[in-house]
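Enquirer: predicted coordinates and the sequence they were generated for:
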Amino acid sequence: MMTVEGVRLRRTIPNRLMIVAACGAFLFTVACGGSGSHSSNTSGNSGSNVQAISVNSGPAGNYANGAFTSVTVCAPGTSTCQTIDGVLVDTGSSGLRILSSVLTTSLPQQKASDGNPVVECLPFLSGYTWGPVQMADVQIAGEKAGSVPIQVLSDSDFPVPSACANNNGKSQDTLSTLGANGILGVGVFVQDCGGACVSTGPANPEVYYECPASGCVVVGEGLSQQVVNPVAFFSTDNNGVLIELPAVSSPQTTVNGSLIFGIGTQSNNGLGGAKVYTVDASANFVTTYNQQPYNQSFIDSGSNGVYFLTSSITGIPVCSDATFFYCPTTTQNLSAINSGANGGASGTVNFSVANADDLFKNNPNAVVFEQLAGPNSLSGFDWGLPFFFGRNVFTAIEGHTTPGGTGPYWAY
Amino acid sequence: MIAFSADEWRISRCHSNPSILCLRALVHAATVLMITLPAFAGLGEEVSSVQADQAHIQGTLRTTQKPSYTVHEIQAPTGTIVREYVSTSGKVFAVAWQGPWPPDMRQILAGYFGQYQQAAQAQTSSRAGRRPLVIEQPGLVLQSGGHMRSFAGRAYIPEMVPQGISAEEIR
């Protein structure tokens, strides 16, 4: 299946390039470049700040609960562009990352002050992305971030430093290991690393490297050089995002929704009755479960289930083969209370945990599951994509003002 | 969550490509620690066996004595905290971490790093997706969760956990 998908991808890229070239960078509209092969927006929402997203099996063909969209990257200041679909919408990270294997447009390489190419190692949960930092105009819907650093994922352009591999498990630089053609990180942070990576001392977490022929070494990377959340660099609608997905009452093969840019900047992105949940400096808030508060909890569209605590605490058995999912004998209807890191809003969330083995077995073609859940760690709740089903969720970017206060926060 | 003893050591801060001066400071620090308390060790190892790792972490070390085990907690300059759980027989039966960046997994998992890597690579399901890493094998339990700029997790060897200790104490 993956091989077939791969062939399909390579064949369709030239077509997209032609479409983009025909539209032209200056006449960029939703109709021109914003649509991938999966795009159809049933919510009826449209506008220059609305990008269609689709929860489907993704470019690898077997992804569960992944919200995918398309992103157009252009060599800065030019109309040499490429629209890439199958990009995962991730509110749990910041920055655009594209597989080198799908990128056919040549983008300028970012260089350190001594002229050496800058390459990044960014840790995710069970692996890392590695590859060069390149500059691109990033266009989504009618929005554009001019000449921002993005990461191009490749294990072969530059050798992976051992420290990168040792810290972070396995590389996620291919379609089969990433599960997507790229990741669109639209989280609360402006930069992916922030101040820690600017320093050159031991506090540097060794995320940015410069890579002369003699080998890669850690480099201090200024904030303006780091890979960034492109939304923060749009000229308008740049204070956050709203994700709209419908409720999913039974397993589905495809569910369509919208990624809407800006909070309270247009008629289609007002907070309305949404409560604002503040987050701490690590982008966590508090989830209380069975009277016990867990203050490293978070909302993350890039996690594909509701992952919480451990089997020994919840009493819900994990699946016998896939121990990363819960497999209760009967569906568990549970509730927890979310509250802002700095006090303020608080509200109950009802959620259900079904037997993942049964979900997959009984719905062989489905990839959208509202009741998919699994263990996390003792630190708390990872409210993944099922949390977004039937709930409009706002993610406000740090330091940006909104009608609900200055980010960072989540609101729903 | 964890009460600290009064004992606290500052370890010299060195980074990649340590200078001779830096190395000397590390050797000095390691020597002091070797004399005064067991140093940091990886999962499954003798607590006294890995003096060199003390230098690797480059952080602040605190120890907490519990009835049937000792917790050695090291805070790295990156802000990430690593805790090792040492049984009365001197073996590290668990490690836990928390902070903005993942710890050096090869160092803290030591001889179990290969098993961790194999298990992480082997995790398959009919449905793919991005999620926390959970390994439950007879000889190794590991849970790793979080998101960009916030990571937490733990690993332990079930048969080495002292009797009467709840797994929830490892965090």
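Expert: Nice, I can see it.
Enquirer: count the neighbours of residue 64 for me.
Expert: By default, I'm working from chain A. 27 (other Cβ atoms under 10 Å in any protein chain shown). For every residue, glycine as well, the C-beta is placed using N, CA and C.
Enquirer: ah, I was thinking of chain B
Expert: 16.
Enquirer: residues contacting the spatially most central residue of chain A?
Expert: Here the mean C-alpha position of chain A is nearest to the C-alpha of A:Asp90 (Cα atoms, centre = their mean), at a distance of 1.4 Å. Residues in contact with A:Asp90 (Cβ atoms under 8 Å, 6 or more residues apart in numbering or on different chains) are A:183-187, A:300-302, B:130.
Enquirer: from these, which two are the most distant?
Expert: A:Val186 and B:Arg130 (14.9 Å; Cβ to Cβ).
Enquirer: tell me the pLDDT at B:Ile74?
Expert: Predicted confidence (pLDDT) for B:Ile74: 89.
Enquirer: for it, helix, strand, or coil?
Expert: strand (DSSP: H, G, I helix; E, B strand; the rest coil).
Enquirer: okay, it and A:Val217: tell me how far apart.
Expert: B:Ile74 sits 25 Å away from A:Val217, going by Cβ to Cβ, to the nearest Å.
Enquirer: between those two, who's got more neighbours?
Expert: Per other Cβ under 10 Å, whichever of B:Ile74 and A:Val217 has more neighbours is B:Ile74, with 26 against 15.
Enquirer: tell me which stretches of chain B form helices.
Expert: B:20-36, B:51-57, B:105-109, B:113-122 (DSSP state H).
Enquirer: next up, the contacts around the closest residue to chain B within the stretch 251-400 of chain A.
Expert: Nearest residue of the stretch 251-400 of chain A to chain B (Cβ to the nearest Cβ) works out as A:Asn304 at 3.2 Å. By Cβ under 8 Å, 6+ apart, the contact list for A:Asn304 reads A:63-66, A:372, A:384-385, B:129-131.
Enquirer: related to what we said a few turns ago, quick one: least confident of the contacts of A:Asp90?
Expert: Lowest pLDDT among those: B:Arg130, 93.
Enquirer: contacts only, for it.
Expert: Taking Cβ under 8 Å, 6+ apart, one finds A:66, A:88, A:90, A:124-126, A:179, A:302-304 in contact with B:Arg130.
Enquirer: skipping adjacent residues, who's closest to the residue in chain B sticking out farthest from the centre in space?
Expert: Centroid-distance maximum for chain B: B:Ser126 at 33.0 Å, with Cα atoms, centre = their mean. Nearest residue to B:Ser126 in three dimensions, chain neighbours excluded: A:Phe360, at 5.1 Å (Cβ to Cβ, 6 or more residues apart in numbering or on different chains).
Enquirer: the one you found and B:Gly129 touch, don't they?
Expert: No. In this structure, A:Phe360 is not within contact of B:Gly129 by Cβ atoms under 8 Å, at 11.6 Å.
Enquirer: more neighbours: which of the two?
Expert: B:Gly129 (26 against 21).
Enquirer: tell me the residues of the stretch 151-300 of chain A that contact chain B?
Expert: A:163, A:166-170, A:179, A:185, A:187, A:189, A:192-194, A:196, A:200-207, A:217-218, A:282-284, A:296, A:298, A:300 (Cβ under 8 Å from any Cβ of the partner chain).
Enquirer: can you show me the CA trace of the strand or helix carrying A:Ser312 as PDB?
Expert: Assigned by DSSP states H and E, A:Ser312 belongs to helix A:311-314. This file holds the C-alpha atoms of helix A:311-314, laid out as PDB (Å, rounded to 0.1, in the frame of the first residue of the first chain):
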ATOM      1  CA  SER A 311      -3.100   1.200  32.800                       C
ATOM      2  CA  SER A 312      -2.200   0.800  36.500                       C
ATOM      3  CA  ILE A 313      -3.900   4.100  37.300                       C
ATOM      4  CA  THR A 314      -6.900   4.000  35.000                       C
END
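Enquirer: C-terminal to it, what's the next element?
Expert: Following helix A:311-314 in sequence, per DSSP H and E, is strand A:332-339.
Enquirer: quick one: mean pLDDT for that following strand?
Expert: Per-residue scores along strand A:332-339 average to 98.
Enquirer: got it, and stretch A:277-293?
Expert: 97.
Enquirer: what are the contacting residues of it?
Expert: Contacts of stretch A:277-293 (Cβ under 8 Å, 6+ apart): A:187-189, A:294-298, A:308-309, A:334, A:336-345, A:349, A:380-381, A:383, A:405, A:408-412, B:100, B:147-150.
Enquirer: please name the nearest non-neighbouring residue to A:Thr395.
Expert: A:Thr91 is the one closest to A:Thr395 (Cβ to Cβ, 6+ apart), at 4.7 Å.
Enquirer: if you could redo that for B:Arg171, that was the one I meant.
Expert: A:Leu378 (4.5 Å).
Enquirer: how near is that neighbour to A:Thr330?
Expert: Distance from A:Leu378 to A:Thr330, by Cβ to Cβ: 25 Å.
Enquirer: which of those two has more residues huddled nearby?
Expert: Per other Cβ under 10 Å, whichever of A:Leu378 and A:Thr330 has more neighbours is A:Leu378, with 23 against 8.
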